[in-house]
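Novice: with the sequence up front, the predicted model follows.
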Amino acid sequence: MPEALKHFTDTYLMWNEGYLIWISDILIALTSIGIVATLTYFKKWKWLWKEWLTTVDHKKIGIMYMIAALLMMFRGGADAMLLRTQLASPNSKFLTPDHYDQIFTTHGTIMILFMAMPLIFAMFNIAVPLQIGARDVAFPYLNAVSFWLFFFGAMLFNISFVFGGSPDAGWVSYPPLTELGFDKGPGENFYLLSLQISGIGSIATGINFLATILKMRAPGMKLMKMPLFTWSVVAASIVIIFAFPALTIALALLMLDRIVGTHFFTMLHGGDPMMYVNLFWIWGHPEVYIVVLPAFGIFSEVVATFARKRIFGYNSMVASLLLISVISYFVWAHHFFTMGAGADVNTFFAVASMMVAIPTGVKVFNWLFTMYRGRISFELPMLWTLAFVPNFIIGGATGVMLAVAPADYQYHNSYFLIAHFHQVLIAGPVFGLLAGMYYWWPKMFGFKLDERIGRIAFWLFNIGFYVCFMPQYALGFKGMQRRMYTYPAGMGWHTLNLISTIGAYVMGLGFLFIVVQIVYSMKHGERDVTGDPWNGRTLEWSLPSPVPHYNFAVIPQVTDRDMWWLMKQEGRADELRKFDAAAIHDIHMPKNSGRPFLMGLAFFVAGFGFVFNWYVLAVIGLVGVALTMILRAFEWDDEYHIPAEEVLEAEAALGRV
Amino acid sequence: MAAALLSGCGPQYLVLHPVGPAGRQELNLIIISVILIAIVIVPTIAIFFFVIFRYRNTPGNKAKYTPEWSESKTLEIVWWSIPIIIVGFLSAFTAKTTFALTRPPEQNVTPITIHVTSLDWKWLFQYPGQGVATVNYCEIPTGVPIQFVLTSDAPMNSFWVPQLGGQEYTMPGMAMGLWLQADKSGTYYGHGANFTGSGFAHDNFNVIATSDAQFNQWVKDTKSTAPALTLTGYNHLKQPSTMGTASYSSFPPGLFHNVVWADGGQYMPKTMQGANAGMNDTNSTSSNH
Ligand code: HEM
Ligand SMILES: [Cu+2]
Ligand SMILES: [Cu+2]
């Protein structure tokens, strides 16, 4: 028996790999015990289930996305610190090559799929229905399903760290390195299945929000009267709907190669790994726009609000969002200019890639001219937006440099590329979503995040950013490849790497200050009693903070794109803030359901089974999935009414009658 | 700007110190792109800082404030056109160089073909014209265009010698072409650029460029002193490991062709032409897809 036990712990729990694993196990065990104990002690289990796990309220789902995304940012950030520590000096022995490979793979995958994606979905959920005057999304139940698929996908990915081993072939997971011939371990299966599960959720979210925005706008809100953030969600949703299926296919075929022994992506029997590379980037390039377009939307809202001026060139802004989403499908091959496509193909993709700079450039000019002749105040959302501008200009510039195909023959796979994509991904999605978080935080929770601590975090993160990533451009010119776990001393790479690592620590410190800021503000944050702490322009600011769960007691009539601003200017703000009792009617709302959570759990079980080829478990999971679907199909009574009196009471308590 | 870019950077900035025509053309294009882009971004960043300073919300600020001003056809036409023009110029330069790089750099010197196979984690060079082979280093004569024909008998990798020029992927079952040339004698750092697993960081090699005479001497010495590479030897090389350099006086005939064929080239007739390059058809194209 002990033999068998030792075999189990070595194979699955990797206890033979040493203390890093043991410490992680202990930490995870302690955290879990802590959570369970706290919930039990404060008798919060029921509250957790009723208020959160079964909720279909978009605002709560948004908050859960945000918490999960911040936790994943912490995990991905911890990975980044380990990587940078290893690279601080040549020939370092801090990490073994295997660990380094696993960590850069989990870092990249988590940051893109389990940090950036849920963070944009958090913003979708938190802001879109409120901006367009709706009471929920088009399909609230599906929205909960999306969240739980993301959540359990992320859990499945993260559990690989302590059970079975992490994937180690990069976030792109190119075959043939990821085929059985070179990679037998379960790590790669974790990657495939967790992305597949959360990917289903992402597609559903894209469909959900497109439907919501097209069908559920308040009366009078024509398309060209929508706030720009809502427009950016339209653009991003379209890209999600058309891009994610390519990833689904790529992952499914690779999974078949690994589990059933097909040869889609090996050259043997006529397969072709380049097909995977194409499919991956047909999704992968649009993916970066999926995460950056909503950030553009947030910047547009924030710039207009904090410059106290109408957004400049609204039509151009909309046109450029849509143009970017279309062009983003015609550039994927710039990720492999050096894979032997002909000069004609490379030229096409080079020119198409550079063309993305045109609408993006226009957006930057329009932001600048929104501030021009405005009155700019520098609260946290605006600070992050301002920091984004020069940062993204430089990142965009190096992007155009990379698009120049023959020049890319020299940048490709080097630290120049690493510096470029971190610059655009951090300045775009990360700064954008932090700006959005600070901006809508009072709307979600009813209090502001502390300015002072926020500023410290802001400066640390920004200065850290430049210190960390500027030297990497230079390292690229010095010929340093990406994904090297170590490097020799004689190449002149040492100093720059050391500087870069110091910068990374400063950024890490910045992140910790954000955590401190959140914790501190929960107690001491300035309460938002007006519902309109920033003197906002769009409908969400006409609501109380936090927003009641039916959102709008009375659905507003819209005549202008800065509706709330206009009404304040014309002294009509009370039309949206003080209602006649007669104007309030019964409100129709979706019922909560525990099934989305259970369905996510069932997917998790199935995924886990497939990872280890434990088919009994896989089948149990799949049966669970089928069961939750069938039960849903026979559910007739999934809605209820909030009686007018109850709404009236709630609004009266808020002083709005 | 370009001068500043170059002078500030010592010889360890490999990409900025090319020693062959391919690397030089790429560097020229890098410089052109930096200049064209700088024309747009430097003023934009300047305007940005000016605007946030001028229009900040402080009590005494006398700058104009026009909260409803949000349209201007003229201005918008201006900034739709500036990036279009810049991108137009850059596209033209890009197209020209992209096509130029697929041709041998020096048209009137007979090129040499070298067959390159990336293995886990080492590089095998076979000289079909000279009959010798090496591991983890590659001798070439200066001033002669080299047609590298690239494949992999391991996961996908990428062949990169920054000072000679940009990289190209090596893929199992495929034969890719890459023209490079060294104009100066010297030892040039090369490395696999696409991640291949745990030995990847040690997957480096050197390209050693010497005069014609020295190159011929090296071939002669290698032929007479080095051991032969046998099929067993090759299969041993193929096993995942890292190692130093090695030289071989000969290699099994058709080895490169057979490796490409066996790894899947049999399903891609066009790629097999590439794999034969240098044996019967030196003019075969540099790209096979
Ligand atoms: C504190 C900030 C960050 C630091 C210090 C950092 C550092 C690193 C390092 C050291 C690598 C590995 C480089 C290599 O060995 O090739 C890496 C790779 C990567 N990072 Fe980050 N990173 C940060 C934030 C982010 C963010 C916010 C994202 C995305 C939103 C991101 C996405 C990626 C991706 C996709 C890879 C490539 C992984 C791969 O090669 O497969 N990183 N990062
Ligand atoms: Cu791309
Ligand atoms: Cu190929």
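Specialist: Received it, and whenever you're ready, just let me know what you need. Ligands and ions are numbered 1, 2, ... in the order given.
Novice: residues from the stretch 101-250 of chain B in reach of chain A?
Specialist: Taking CB under 8 Å from any CB of the partner chain as the contact definition, the stretch 101-250 of chain B meets chain A at B:101-102, B:154-156, B:158, B:160, B:162, B:165-169, B:171-174, B:176-177, B:189, B:191-201. C-beta: built from backbone N, CA, C; applies to glycine.
Novice: now, which of those residues lie within strands?
Specialist: B:158, B:160, B:165-169, B:176-177, B:189, B:191-192 (DSSP state E).
Novice: pull the CA atoms of the helix or strand harbouring A:Asp25 into PDB?
Specialist: Secondary structure assigned from DSSP states H and E places A:Asp25 in helix A:19-41. Backbone C-alpha positions of helix A:19-41 (Å, rounded to 0.1, in the frame of the first residue of the first chain) are rendered in PDB as follows:
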ATOM      1  CA  TYR A  19       9.600  22.100  -1.200                       C
ATOM      2  CA  LEU A  20       8.000  24.600  -3.700                       C
ATOM      3  CA  ILE A  21       5.200  22.100  -4.200                       C
ATOM      4  CA  TRP A  22       4.900  21.300  -0.500                       C
ATOM      5  CA  ILE A  23       4.600  25.000   0.400                       C
ATOM      6  CA  SER A  24       2.000  25.500  -2.300                       C
ATOM      7  CA  ASP A  25       0.000  22.500  -1.100                       C
ATOM      8  CA  ILE A  26       0.100  23.800   2.500                       C
ATOM      9  CA  LEU A  27      -0.900  27.300   1.400                       C
ATOM     10  CA  ILE A  28      -3.800  26.000  -0.600                       C
ATOM     11  CA  ALA A  29      -5.000  23.700   2.200                       C
ATOM     12  CA  LEU A  30      -4.800  26.600   4.700                       C
ATOM     13  CA  THR A  31      -6.600  29.000   2.500                       C
ATOM     14  CA  SER A  32      -9.400  26.500   1.800                       C
ATOM     15  CA  ILE A  33      -9.700  25.700   5.500                       C
ATOM     16  CA  GLY A  34      -9.800  29.400   6.300                       C
ATOM     17  CA  ILE A  35     -12.500  30.100   3.800                       C
ATOM     18  CA  VAL A  36     -14.600  27.100   5.000                       C
ATOM     19  CA  ALA A  37     -14.100  28.000   8.600                       C
ATOM     20  CA  THR A  38     -15.000  31.700   8.100                       C
ATOM     21  CA  LEU A  39     -18.100  30.800   6.100                       C
ATOM     22  CA  THR A  40     -19.200  28.400   8.800                       C
ATOM     23  CA  TYR A  41     -18.400  30.600  11.700                       C
END
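Novice: and the helices in the stretch 101-250 of chain A?
Specialist: Secondary structure of the stretch 101-250 of chain A (DSSP state H, counting those that start in this stretch): helices at A:117-131, A:140-159, A:187-215, A:228-259.
Novice: report all helices and strands that the third one contacts.
Specialist: Under the contact criterion of 3 or more CB pairs under 8 Å, 6 or more residues apart in numbering or on different chains; DSSP states H and E, helix A:187-215 touches helix A:97-109, helix A:117-131, helix A:140-159, helix A:228-259, helix A:595-611.
Novice: out of those helices, which comes closest to ligand 1?
Specialist: helix A:97-109 (2.7 Å; CB to the nearest ligand atom).
Novice: could you tell me the angle between the closest one and helix A:19-41?
Specialist: Relative orientation of helix A:97-109 versus helix A:19-41 (axes from the mean of the first three to the mean of the last three CA atoms, to 10 degrees): 40 degrees.
Novice: now helix A:97-109: buried residues?
Specialist: Within helix A:97-109, the residues scored as buried using 16 or more other CB atoms under 10 Å in any protein chain shown are A:97, A:99-109.
Novice: turn the residues you listed into TSV, including pLDDT and distance to B:Gln217.
Specialist: Shown next, in TSV, are the buried residues of helix A:97-109 (pLDDT from 0 to 100; distance: CB to CB, whole Å):
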residue	pLDDT	distance to B:Gln217
A:Pro97	93	39
A:His99	92	46
A:Tyr100	95	42
A:Asp101	95	42
A:Gln102	94	47
A:Ile103	95	48
A:Phe104	97	44
A:Thr105	97	47
A:Thr106	96	51
A:His107	97	49
A:Gly108	97	48
A:Thr109	97	51
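Novice: considering those residues, which is situated nearest to chain B?
Specialist: Set against chain B, the nearest of those by CB to the nearest CB is A:Pro97 (4.3 Å).
Novice: now the residue of the stretch 101-250 of chain B found nearest ligand 3: closest residue in space that isn't a chain neighbour?
Specialist: The minimum distance from the stretch 101-250 of chain B to ligand 3, using CB to the ion, falls at B:Met174 (3.8 Å). Nearest non-adjacent residue to B:Met174, counting by CB to CB, 6 or more residues apart in numbering or on different chains: B:Thr271, 4.9 Å away.
Novice: for the stretch 501-650 of chain A, give me the ranges with low pLDDT.
Specialist: By pLDDT under 70, the stretch 501-650 of chain A has no low-scoring segment.
Novice: please repeat the previous calculation with a cut-off of 90.
Specialist: A:528-530, A:549, A:572-584, A:588, A:635-639 (pLDDT under 90).
Novice: hmm, back to that, among the helices and strands packed on helix A:187-215, show me which one is buried the most.
Specialist: helix A:117-131 (a mean of 28; mean count of other CB atoms under 10 Å in any protein chain shown).
Novice: what is the mean pLDDT for that one?
Specialist: Averaged across helix A:117-131, the pLDDT comes to 97.
Novice: quick one: distance of it to the chain centre.
Specialist: Here the centre of helix A:117-131 is set off from its chain's centre by 10 Å, with CA atoms, centre = their mean, to the nearest Å.
Novice: give me the nearest residue to the residue of the stretch 501-650 of chain A found nearest ligand 1, chain neighbours excluded.
Specialist: Going by CB to the nearest ligand atom, ligand 1 is nearest to A:Ala504 of the stretch 501-650 of chain A, at 3.7 Å. Spatial nearest neighbour of A:Ala504, excluding adjacent residues (CB to CB, 6+ apart): A:Arg84 at 4.0 Å.
Novice: ditto for A:Arg217
Specialist: A:Ile132 (4.5 Å).
Novice: which residues touch residue 100?
Specialist: Here I'm looking at chain A. By CB atoms under 8 Å, 6 or more residues apart in numbering or on different chains, A:Tyr100 lies in contact with A:83, A:86, A:485-486.
Novice: hm, I was asking about chain B
Specialist: B:Gln25.
Novice: what about it, distance to B:Ala22?
Specialist: According to CB to CB, to the nearest Å, B:Ala100 stands 9 Å off from B:Ala22.
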